[in-house]
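Colleague: below is the sequence, then the predicted model.
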Amino acid sequence: MFSFDRDTTLIASVAVCIVATIFLYREFRRSKNDLYELKNLVDKHDSFMYSRESDEYMEEIEEQAPPPTNTQEVPITQSSQPPVVQPDAQ
């Protein structure tokens, strides 16, 4: 049968610690890789934002956009300020 004494407990705890260490090592390595991928994505995005290609792309978009419509201005007939009353000169 299986006896549960101090030696067995020590062996089981060492095995659990080794398994936990391997698990944490793999998880931290994945997290590190995810952070490097995110960093590379941000660098790629920034390099696109500040490159000449993005300027050319924006110029193409502006050329493809329809020209703004010219609206005629309607003259304002009333002033937004109240009329000034001049006192009568005597």
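Modeller: Everything's here; your move. Small disclaimer: the values here were computed from a predicted structure and weren't measured.

Colleague: SS state for Ala12?
Modeller: helix (DSSP: H, G, I helix; E, B strand; the rest coil).

Colleague: residues near it, how many?
Modeller: Neighbouring residues of Ala12 were enumerated by other Cβ atoms under 10 Å; the total is 11. Placement of C-beta: from N, CA and C, glycine included.

Colleague: give me the pLDDT for it.
Modeller: Per-residue pLDDT puts Ala12 at 94.

Colleague: what of Thr8?
Modeller: 92.

Colleague: residues contacting it?
Modeller: The neighbourhood of Thr8, defined by Cβ atoms under 8 Å, 6 or more residues apart in numbering, consists of Phe2.

Colleague: distance of it relative to Asp43?
Modeller: The spacing between Thr8 and Asp43, counted by Cβ to Cβ, to the nearest Å, is 53 Å.

Colleague: for Asn33, same thing?
Modeller: According to Cβ to Cβ, Asn33 stands 15 Å off from Asp43.
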